Every structure is written in structure tokens, then in C-alpha cells.
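Participant: All I have is the shape, not the residue letters:
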Ligand SMILES: [Mn+2]
């Protein structure tokens with residue numbers, strides 16, 4: 001029934017006697033459906049074990065029908081011994097782990113308990129499968145994107161002189177939940193006036209002033225999947241400079257979106273957008289990559305920057321988010337989430353992008 005387990009066994013080329021230890025929570029959720037925390041997976045050629053403790057055993061047996069639920073922690077053996085026991089029962093000679101997620105102390109505990117069974121970094125993991133989204137995953141991200149759009153529309157009347165960044169960030173998160181999201185995709189960014197020059201500014205107690213550019217970066221969470229979008233608005237009438245620079249970022253964003261199609265390298269999409277900003281002499285002000293994949297994690301492959309050698313495929317969900325950041329002046333970023341289609345894209349976040357002057 002669980003085709004993802006079969007695909008993982010194929011992708012990771014699991015041979016007789018080899019297993020995979022899964023720790024990254026989003027990878028475990030992708031494989032098993034589990035929505036809780038603090039749990040592990042051990043996948044062999046034939047078996048799939050879900051290792052958890054008494055807080056989650058009932059939930060795991062409900063959510064993960066394709067896994068055998070194994071309990072560890074008191075009064076059961078510690079994690080290393082539990083894994084070693086399973087390795088013995090299933091005849092494993094080696095277990096691969098996710099090198100970017102196993103910390104040193106856990107590595108040592110498990111490696112010591114395993115003794116002669118090798119505990120080695122896996123070359124390919126669940127992320128390979130997650131690169132292309134299936135229809136159900138795309139539908140969850142689409143829903144998250146739609147909720148974020150509606151929440152932003154509901155927030156607009158509250159973006160007024162005197163409102164504090166933190167209050168707007170909290171209200172936006174609240175609106176997304178009120179509209180049916182399971183939560184926020186990540187901590188909402190609201191950066192006004194001079195704070196806008198910090199791409200990931202933490203919302204402060206600063207109160208909005210007339211003339212501010214204000215950047216909102218946010219997303220909703222639905223069924224574990226995330227959306228991601230950014231809009232920059234101006235409070236009052238925009239100055240000529242604000243309008244010019246906004247148009248520049250918008251043009252770069254459209255160039256990036258137009259460059260997307262299956263087969264394209266991530267770095268070529270980045271380049272298509274970046275050259276618009278570079279040719280206006282503001283290349284140094286665009287200080288980050290163009291975009292990233294989004295799914296169960298808010299930032300995942302492909303990371304579309306100037307070094308990205310990954311090829312886009314139909315079914316990838318990525319963001320396109322050029323920005324310019326000028327210390328003392330502020331910043332502008334425009335971001336959409338989109339699904340790569342046979343020809344071009346489906347835009348998932350649909351809030352209009354003409355410069356919005358809030359009068
Ligand atoms: Mn983003």
C-alpha cells in the first residue's frame with residue numbers, strides 16, 4: 001500500500017542486509033503519515049519499524065498502518081539497544097543515517113550499541129522522493145497558499161499609522177488559523193521602514209509611519225505542507241524612488257517566473273531574475289538566492305541560487321522572491337509560491353503585485 005516506502009527502497013538502492021534510519025521529522029511524516037514528534041523510523045528491504053515512546057504509541061498505531069510500532073524508553077531498552085535489537089532480528093549488516101540530521105551524541109550512542117553492524121551516512125534519502133510533489137501534496141500547498149492570500153486581504157485595513165509590527169504579525173498568523181490553516185508555516189516577518197533592509201527582520205515594537213515601505217513574509221500550514229509569500233506595500237503615497245525600485249523588483253520577479261520550466265537549472269532561473277536587478281546597478285542589494293523549494297519544510301531543495309545545479313521538474317513547488325535591501329532606506333521583496341507545470345507554472349499565491357499604496 002505504501003508506495004513511498006517502495007520508492008525509498010529503490011532510490012536508496014537498499015540491498016539485502018541494509019537498513020535506513022530516519023530521524024528528520026518531515027521525512028518520517030512523509031513516509032509514515034505520523035504527525036507527532038520525537039520518533040524514528042528503521043526501514044529495511046522488507047520491514048518498516050516505527051520507534052517511539054509511550055506518549056505516541058497509540059497515535060502511531062493509528063496514523064502509520066504500514067509500520068510496526070516499536071516502543072522504547074522505560075521500561076523498554078534505550079534507543080541504541082532498541083535499534084541494535086531490530087538489526088539483529090532482521091539480519092542487518094549496515095544502517096544508513098541522515099548525515100545532516102543525526103547529532104554527534106546520538107551517532108555515538110547508536111554506533112556503540114550496534115557493535116559490528118555499520119552505522120554510516122546514507123548517500124540518498126527521503127528528500128529525493130520529496131523533490132517532486134504528487135497531486136495530493138500540491139493540493140495541500142495550494143490550500144495553504146489560498147488561505148495566506150485571504151488572510152493578507154483581511155489584514156490590509158489594519159495596516160495603518162501607529163500599528164506595531166508585532167501586532168500585525170500576530171494578527172496575520174491568527175487570520176490564517178481562523179481561515180482553516182493548521183498554523184503558520186514559519187514565524188511571520190513584518191519589517192517596516194528602515195527595518196526592511198534586513199531580509200529576515202524579526203517583528204519589533206516599531207509603529208508604522210506614513211511613507212514606510214512594509215514587507216510581510218508569511219505562509220500557512222495545511223496537512224503538514226507550507227506556503228510562502230511576500231508582499232511589500234507602502235503606507236501613504238509612494239515616492240518616485242519607491243515606485244522605481246518596486247517596479248524593478250517586480251520586473252525581476254516576473255523574469256524569474258517566466259524562466260521556469262521543467263529541465264531548467266536552478267542557477268539559470270536565478271540568473272534570469274538577477275540580471276534585471278544587476279543591470280539597474282543594484283546587484284549588491286539583492287543579497288540572497290532567488291528562491292527555494294517548499295513543501296513539508298519551509299526551505300527545501302531546490303535552493304535556486306547562482307550555484308544551483310538542480311534541474312526543475314514538473315511537480316516541483318518553488319518560491320521566486322527577489323528583493324533589494326538598502327541600509328538606512330529599507331527594503332522591497334516580492335515572493336510567490338508556484339507549481340512547475342509541463343509548460344511554465346501554476347501560480348499558487350495570487351495576491352496582486354501592483355504596488356499597493358495604503359491611503
Ligand atoms: Mn521564501
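Facilitator: Thanks, I have it. These numbers were taken from a predicted model, which means no experiment stands behind them. Numbering: from 1, shown residues only.
Participant: Please enumerate the helices of this structure.
Facilitator: Counting by DSSP state H, one finds helices in the chain at the ranges 3-11, 25-32, 57-63, 79-90, 104-114, 127-130, 135-155, 165-178, 240-258, 266-279.
Participant: Turn the ones you listed into TSV, including distance to residue 214 and mean neighbour count.
Facilitator: (Glycine included, C-beta is placed from N, CA and C.) Formatted as TSV, the helices of the chain follow (distance: least, CB to CB, whole Å; neighbours: other CB atoms under 10 Å):
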stretch	distance to residue 214	mean neighbour count
helix 3-11	41	15
helix 25-32	31	22
helix 57-63	40	16
helix 79-90	47	18
helix 104-114	42	15
helix 127-130	33	18
helix 135-155	11	20
helix 165-178	8	19
helix 240-258	11	19
helix 266-279	21	20
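Participant: and residue 221, which of the ones you listed is closest to it?
Facilitator: helix 135-155 (6.3 Å; CB to CB).
Participant: That closest one: how far from the chain's middle?
Facilitator: Here the centre of helix 135-155 is set off from its chain's centre by 14 Å, with CA atoms, centre = their mean, to the nearest Å.
Participant: Would you mind pulling the contact partners of it?
Facilitator: Residues outside helix 135-155 that contact it (CB atoms under 8 Å, 6 or more residues apart in numbering): 133, 168, 171-172, 175-176, 178-181, 185, 216, 218-227, 229, 231, 294-295, 315, 317, 337, 339, 348-351.
Participant: Show me the residue of the stretch 101-250 of the chain that gets nearest to the ion, please.
Facilitator: Of all residues in the stretch 101-250 of the chain, the one sitting closest to the ion is residue 228 (4.1 Å; CB to the ion).
Participant: List the residues that contact that residue.
Facilitator: 185-186, 217-219, 294, 298, 319, 321, 335, 337, 349.
Participant: Dump the helices of the chain to CSV, plus mean pLDDT and distance to the ion.
Facilitator: Formatted as CSV, those follow (pLDDT from 0 to 100; distance: least, CB to the ion, whole Å):
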stretch, mean pLDDT, distance to the ion
helix 3-11, 95, 26
helix 25-32, 98, 16
helix 57-63, 97, 29
helix 79-90, 96, 34
helix 104-114, 97, 30
helix 127-130, 96, 17
helix 135-155, 98, 12
helix 165-178, 98, 15
helix 240-258, 98, 12
helix 266-279, 98, 14
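Participant: what's the nearest residue to residue 213 if we skip its chain neighbours?
Facilitator: Excluding its sequence neighbours, the residue lying closest to residue 213 (CB to CB, 6 or more residues apart in numbering) is residue 330, at 4.8 Å.
Participant: Bridged to the one you found, which residues?
Facilitator: Beta-bridge partners for residue 330, by DSSP bridges, are residue 326.
Participant: if I look at it, how far off is the ion?
Facilitator: Separation of residue 330 from the ion (CB to the ion, to the nearest Å): 19 Å.
Participant: before we move on, what about residue 43?
Facilitator: Counting by CB to the ion, the gap from residue 43 to the ion is 31 Å.
Participant: I'd like to know the beta-bridge partner residues of that residue.
Facilitator: residue 20, residue 48.
Participant: Enumerate every residue touching it.
Facilitator: 5, 8-9, 14, 19-20, 22, 31, 49.
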